[in-house]
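J.: Structure of the sequence below:
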Amino acid sequence: MTPADWLDACRRAGDAVARVLEALPTRTEREPGVGTGEGGDETTVVDAEAEGAVLGILEDVATEGEDFTLVSEELGERVFGPAAATCYVVVDPIDGSVNAKRGIPVYALSVAIAEGPTMADVVAGFVRDFGTGEEWTAIRGEGAFLNREPLRLPGPKDTVEMLALEGTTTELINRHLPAFVGTAERTRVLGSLALSLCHLAAGRVDAVCSLKSARSVDIAAAQLLLHERGFAIDLPSDRPFGEAKLDLVGRSQVVAAGTSERCAELARLLG
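T.: Below is the predicted model of the structure:
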């Protein structure tokens, strides 16, 4: 399958997850825990049902003869086809699951397609925002897109008027936020790292920091939009970025901005 073919499969997966969300409309249906995912977080009903919907689409793809290794937030890793399959499909069925289970409309399906096991191998990215209905996509070497139109909006400002924070427990905000006084004028906490990075790609925010270690499922798709726009993203504790593994191990905080120099400044402020 070509990257464009994979994006079509992602759209079918997005439609399948949307049907799950319609069938689980409130916190009462979405919030109950059903176990712990391979990523280490609690799995709720909405997490499990959304992943099942995506898995159903990917099983159809496998039936059509496509071999790949799935890396997913709840399920973990599963090989479809030969054990040596070099294609990776990296999925977070609900990025922003706390928002989703509480009914706050800021959460997304994130899917990255890669030719190998590292960030540098990602060739296509897909993020569907279930709150706004926006579709964010990128194909390596072909650009970044919003709702299938080339993403040509103004980029991040030279100064950080708007800083998006993720991984934001109260304790982590208390620890880290004072260091940004004088650098960032305002802060926003969306609750979805994938969507924060997409908003950076569109110049809606000027920088993004995750205060806790992120996993590849959170960033693999959206980081390609940044790279296609010429913007910067880094894992300060897991350099170089391109060699980061597409797995469920969280190794580093994330910093992203318009330039590598701004990323370095953010990393310094995070300590």
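
J.: use CA for all of it now, contacts and neighbours both
T.: Noted.

J.: Let me know the pLDDT of the nearest residue to V123 once chain neighbours are set aside.
T.: With sequence-adjacent residues excluded and distances taken as C-alpha to C-alpha, 6 or more residues apart in numbering, V123 is closest to R140, at 4.8 Å. pLDDT, R140: 98.

J.: you'd agree R140 is up against R229?
T.: No. Using C-alpha atoms under 8 Å, R140 makes no contact with R229, being 10.6 Å away.

J.: between those two, which one's more packed in?
T.: R229 (20 against 17; other C-alpha atoms under 10 Å).

J.: Parallel or antiparallel, list what pairs with the helix or strand harbouring P93.
T.: P93 belongs to strand 88-95 when assigned by DSSP states H and E. Its sheet considered, strand 88-95 pairs with strand 68-72 (parallel), strand 108-114 (antiparallel) by DSSP bridges.

J.: ok, and for the last one, which residues are buried?
T.: So the one you mean is strand 108-114. For strand 108-114, burial by neighbour count (16 or more other C-alpha atoms under 10 Å) applies to 108-114.

J.: repeat for stretch 172-183
T.: F180.

J.: Can you give the strand pairings for the helix-or-strand element of the chain with minimal mean pLDDT, parallel or anti for each?
T.: Least confident helix or strand of the chain, by mean pLDDT, DSSP states H and E, is strand 33-36 with a mean of 79. Neighbouring strands of strand 33-36 in its sheet, by DSSP bridges, are strand 42-44 (antiparallel).

J.: what is the mean pLDDT for whichever helix or strand comes after the strand it pairs with?
T.: Under the assignment DSSP H and E, the closest C-terminal helix or strand after strand 42-44 is helix 45-63. What helix 45-63 shows for mean pLDDT is 96.

J.: Tabulate the CA atom coordinates of helix 45-63 in CSV.
T.: Once non-C-alpha atoms are left out, helix 45-63 reads as follows in CSV (Å, rounded to 0.1, in the frame of the first residue of the first chain):
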residue,chain,number,x,y,z
VAL,A,45,-14.4,1.2,28.0
VAL,A,46,-14.0,4.0,25.4
ASP,A,47,-10.3,3.2,25.0
ALA,A,48,-11.0,-0.5,24.5
GLU,A,49,-13.9,0.0,22.2
ALA,A,50,-12.1,2.5,20.1
GLU,A,51,-9.1,0.3,19.7
GLY,A,52,-11.3,-2.6,18.8
ALA,A,53,-12.8,-0.5,16.0
VAL,A,54,-9.4,0.4,14.6
LEU,A,55,-8.2,-3.2,14.9
GLY,A,56,-11.2,-4.3,12.8
ILE,A,57,-10.1,-2.0,10.0
LEU,A,58,-6.5,-3.1,10.2
GLU,A,59,-7.5,-6.8,10.2
ASP,A,60,-9.3,-6.1,6.9
VAL,A,61,-6.1,-4.5,5.6
ALA,A,62,-4.1,-7.6,6.6
THR,A,63,-6.7,-9.8,4.9
